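Chemist: please work out how this folds:
(chains A and B)
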Amino acid sequence: AQSVTQPDIHITVSEGASLELRCNYSYGATPYLFWYVQSPGQGLQLLLKYFSGDTLVHCIKGFEAEFKRSQSSFNLRKPSVHWSDAAEYFCAVAHPGGGNKLTFGTGTQLKVEL
Amino acid sequence: GAVVSQHPSRVICKSGTSVKIECRSLDFQATTMFWYRQFPKQSLMLMATSNEGSKATYEQGVEKDKFLINHASLTLSTLTVTSAHPEDSSFYICSARDLMGKETQYFGPGTRLLVL
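Modeler: Numbering: from 1, shown residues only, chains lettered A, B, ... in the order given. Purely as a prediction, here's the structure:
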């Protein structure tokens, strides 16, 4: 069975500092990979996704994630964090052609110090 | 972008009553919708997959008679929590897969259910 690990439950960074949120997956082949962000009391918003092709994907909010097959990782990065980035971040995987079921990691709570 | 709405956003009910939660895809059609449950400080757990025009598929451990799902159209799925009890209190989130959107799910804002 596929699984997703987000080793960091909480991360605190200063505004303007760089950020990396870790995500590792366990799966027999390359799954589809996603990062979602959840603000308090709200649903999830898709940040970015990887299906195939260029292993570095970007989104308009300044985040990027890099798929590294050798490490089974899909870490999320941002060069300079803004206070509004404080939220919970979830990494998720889906089996290609597997009925679109998403398996989520346990999430990383990001706090931004001003 | 694709928008998914949920109604109500928050509901408080007495133990023993039933609660219906609606999930709508506003600007796209979704043959498949998903229902998740999220406990405080935890991740989302898939409860069931809702398929338009057919019976929902429930994950192991989820009681289908407790959590009734109806997906009557390409833009609407409903989850009814029957005879709700305090342990059913949770944050329920739906998502919808765009017909054209290849494995991408768009999430609703969630419904906070509190059973007294």
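Chemist: what about chain A, any weak spots by pLDDT?
Modeler: Applying pLDDT under 70 to chain A flags the ranges A:98-99.
Chemist: all strands for it, in order.
Modeler: Along chain A, the segments classed as strands by DSSP state E run A:3-5, A:10-14, A:19-21, A:24-26, A:32-38, A:44-50, A:56-58, A:64-68, A:73-78, A:87-94, A:102-104, A:108-113.
Chemist: again, but for chain B
Modeler: Per DSSP E, chain B carries strands over the ranges B:4-7, B:10-13, B:19-25, B:32-38, B:44-51, B:57-58, B:67-73, B:76-81, B:90-97, B:105-107, B:111-115.
Chemist: can you tell me which helix or strand of chain B has the lowest average pLDDT?
Modeler: Between all helices and strands in chain B, the lowest mean by mean pLDDT, DSSP states H and E belongs to strand B:105-107, at a mean of 89.
Chemist: how deep is B:Gly61 tucked in, by neighbour count?
Modeler: Here the count is done by other C-beta atoms under 10 Å in any protein chain shown, and B:Gly61 has 7 residues near it. For the C-beta atoms, the positions are set from N, CA and C on the backbone; glycine is no exception.
Chemist: who in chain B is up against chain A?
Modeler: For chain B, the contact set with chain A under C-beta under 8 Å from any C-beta of the partner chain comprises B:4, B:6, B:32, B:34, B:42-44, B:46, B:49, B:93, B:95, B:97, B:102-110, B:112.
Chemist: list only those of these flagged as buried.
Modeler: Applying 16 or more other C-beta atoms under 10 Å in any protein chain shown to these, the neighbour count classes B:4, B:6, B:32, B:34, B:43-44, B:46, B:49, B:93, B:95, B:97, B:103-110 as buried.
Chemist: please work out how many residues are found near A:Cys59.
Modeler: Every residue meeting other C-beta under 10 Å relative to A:Cys59 is counted, giving 16.
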